[in-house]
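1. let's see this in three dimensions:
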Amino acid sequence: MPEGDTVWRACQRLNQALSGQELVRTDFRVPSLATTDLSGRTVQEVVARGKHILMRISGGLTLHSHFRMDGSWHLYRPGERWRGGPDHEIRVVLETSPWTAVGYRLPVLDLVATGKEDTVVGHLGPDLLSPSFDRALAIANVESDPGRTISEALLDQRNLAGIGNFYRTEVCFLLGLHPWRPVEAVDVPAAIDLSRKLMKANVRNGTQVSTGIDRPGQRSWVFERAGKPCRRCGTTILTSTLGEATRERVTYWCPACQPEA
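-> Predicted structure coming up:
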């Protein structure tokens, strides 16, 4: 699932291409928006809120989307071949004179009044990549449930927005935290600060790296390395699922570097 830094970069590309441009054609391919026509309106800006994309359009409208597991936005020049997938996976087409934005496999796509964006993102905690990130509130949110595992608390978008499986897994390794360690036994400010530091660095670099080595197969310490030796101590990396039944996520850890106690 794309995480906050990936979504932030996608919004930057969309904003650079579309902001200030008039929509000359729109084609919505989801039942709830099938009759919607935004042609003649202007794209004002495209911003990220955690893992959510908010495309603000003149007339007080916001097109809200979310990638979840495999959604994506693609940009094409006029006449360029679309390569994001088969036509039946297209959910929306937004055409301006210089660019066409095509949304593929978007599981969330809705149109809301810009003044009511909180109806779709109001549940989110502080955005780690926001210049106005509220660190104190994020810490308080995570610490509000001291018996919860640190893995679940970091991944909960209601606590703080943007962290996904890569960051929560790598942050736990770097801080020597067993994934099931309760929040009350964790230096929460350190975990949040490291998460933000990694995400901000990777926004600049364009790839998700926690090891400092931006090469295929060497970018993570434990994420997606089940069965392989720990880069620090050589112990075999373990994997399991963690979380509530409907919110389970795969996690990875080194049992030597991240002891239970």
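
2. what about the residue lying closest to Arg91 once chain neighbours are set aside, how many residues close to it?
-> Nearest residue to Arg91, sequence neighbours excluded (Cβ to Cβ, 6 or more residues apart in numbering): Leu106, at 4.4 Å. C-beta coordinates here come from the backbone N, C-alpha and C atoms, glycine included. For Leu106, the neighbour count with other Cβ atoms under 10 Å is 21.

3. kindly report the same for the one 10 residues further on.
-> Using other Cβ under 10 Å, Lys116 is surrounded by 11 other residues.

4. if I look at it, how far off is Leu54?
-> Using Cβ to Cβ, to the nearest Å, Lys116 is found at 12 Å from Leu54.

5. what do you get for Glu22?
-> 19 Å.

6. the two: which has the busier surroundings?
-> Leu54 (19 against 14).

7. tell me which residues touch the more buried one, please.
-> Residues near Leu54 by Cβ atoms under 8 Å, 6 or more residues apart in numbering: Val46, Val47, Ala48, Thr62, Leu63, His64, Glu117, Val121.

8. listing partners with orientation, what would you give for the strand or helix carrying it?
-> If you go by DSSP states H and E, Leu54 is part of strand 52-57. Sheet pairing of strand 52-57 (DSSP bridges) gives strand 43-49 (antiparallel), strand 61-66 (antiparallel).

9. so for Asn15, which of those sits nearest?
-> strand 43-49 (4.1 Å; Cβ to Cβ).

10. buried residues in the closest one?
-> Val43, Gln44, Val46, Val47, Ala48, Arg49 (16 or more other Cβ atoms under 10 Å).

11. if I look at the fifth one, how far off is His66?
-> So the one you mean is Ala48. From Ala48 to His66 the distance is 11 Å (Cβ to Cβ).

12. ditto for the fourth one
-> Applying Cβ to Cβ, one obtains 14 Å for the distance of Val47 from His66.
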